[in-house]
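**Student:** Output the structure for:
(one chain, ligands or ions: 1)
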Amino acid sequence: MSLKPKISLTYFNIEAAAEKVRLALVMTNTEFEDKRINFEEWGAMKPTTPYGQLPLMTVTNADGSVKTFAQSVAMMRWVARKFDSTNSLYPADADTMLEIEEVLGLSDDMTKAWQPALYLGMRHMIYGYPEEWPEKEATVKRMREAFLKEALPKFMGFFTQKLEATGAFFCGDKPTIADLQILAQLRYFTKGAADHVPADSLTPYPVVTAWMDRMHAIPQIKAWYKL
Ligand SMILES: N[C@@H](CCC(=O)N[C@@H](CS)C(=O)NCC(=O)O)C(=O)O
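**Tutor:** Residues are numbered from 1 along each chain as shown. Got it, this is the predicted structure:
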């Protein structure tokens, strides 16, 4: 019998990049240490990490060997491939994989559209930039409002089309890692988590919010968020 490796996931005490990995671990009923550090601890830890970024995942195998990995999407794919006994979260079959990867690519495109507006408002905090220039706050506001007005409806339209075609999840009748990544990505827009991004930003997209409700009703996810 092969024993499951011990997994420790280190990130900040937020959802963001680590949440899709946590969701893959939760969905596959894989025990893990959910290690959350604060920004002060991060200052000391950053120079010791391979790429100066979190999340990091440490895997301790049954033979005692230990390896640490970066890159959240790689972690999510690995967890799903390795631990999903139903083989439906990220099947190895090439045709299914292509469908899943297409949706993951679409989600990445949305992230690229959002990140400039997000990071301009946060980089003084994360990277310690000495950031007070005139018009900064107004620029952040303008960029975030432009995202909500132009890019968000475009991506919600794409997501709606995909979900209407299946009537269930992004790639068929079962959730895959594409659903996990997009759920983690969209929850942010329902929480009032960023300035100028209202908690009802997704209300105009009922097909997408109904899918979010479906995801939140999955027993492991429901328990994870204590819903
Ligand atoms: N491609 C990486 C990106 C990781 C990343 O951007 N991490 C950010 C937080 S979301 C970070 O560690 N920022 C702190 C820093 O750069 O000092 C991944 O998906 O894991």
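**Student:** Please make it C-alpha for all contacts and neighbour counts, starting now.
**Tutor:** Fine.
**Student:** Name the SS class of Thr68, please.
**Tutor:** When classified by DSSP: H, G, I helix; E, B strand; the rest coil, Thr68 comes out as strand.
**Student:** Give the buried residues for the lengthiest helix in the chain.
**Tutor:** The longest helix of the chain (DSSP state H) is helix 94-127. Residues of helix 94-127 classed as buried: 100-101, 103-104, 106-107, 110, 113-114, 117-118, 120-122 (neighbour count, 16 or more other CA atoms under 10 Å).
**Student:** Stretch 166-184 and the ligand in contact?
**Tutor:** No. Using CA under 6 Å from any ligand atom, stretch 166-184 stays clear of the ligand, with a minimum separation of 11.1 Å.
**Student:** what's next to that stretch, contact-wise?
**Tutor:** Outside of stretch 166-184, the residues within contact range by CA atoms under 8 Å, 6 or more residues apart in numbering are 15-16, 19-20, 23-24, 76-77, 80, 88-90, 99-101, 103-104, 107, 159, 162-163, 211-212, 215.
**Student:** Would you verify that Thr209 is located in a helix?
**Tutor:** Yes. Judged by three-state DSSP, Thr209 forms part of a helix.
**Student:** which ones are touching it?
**Tutor:** 202-203.
**Student:** Just the buried residues out of the contacts of stretch 166-184, in PyMOL syntax.
**Tutor:** Typed into PyMOL, the line below selects the buried ones among the contacts of stretch 166-184, using 16+ other CA under 10 Å:
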select buried, resi 19+20+23+24+76+77+80+89+90+100+101+103+104+107+159+162+163+211+212+215
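**Student:** give me the low-pLDDT residue ranges for this structure?
**Tutor:** Low-confidence segments of the chain, defined by pLDDT under 70: 1-2, 124-132.
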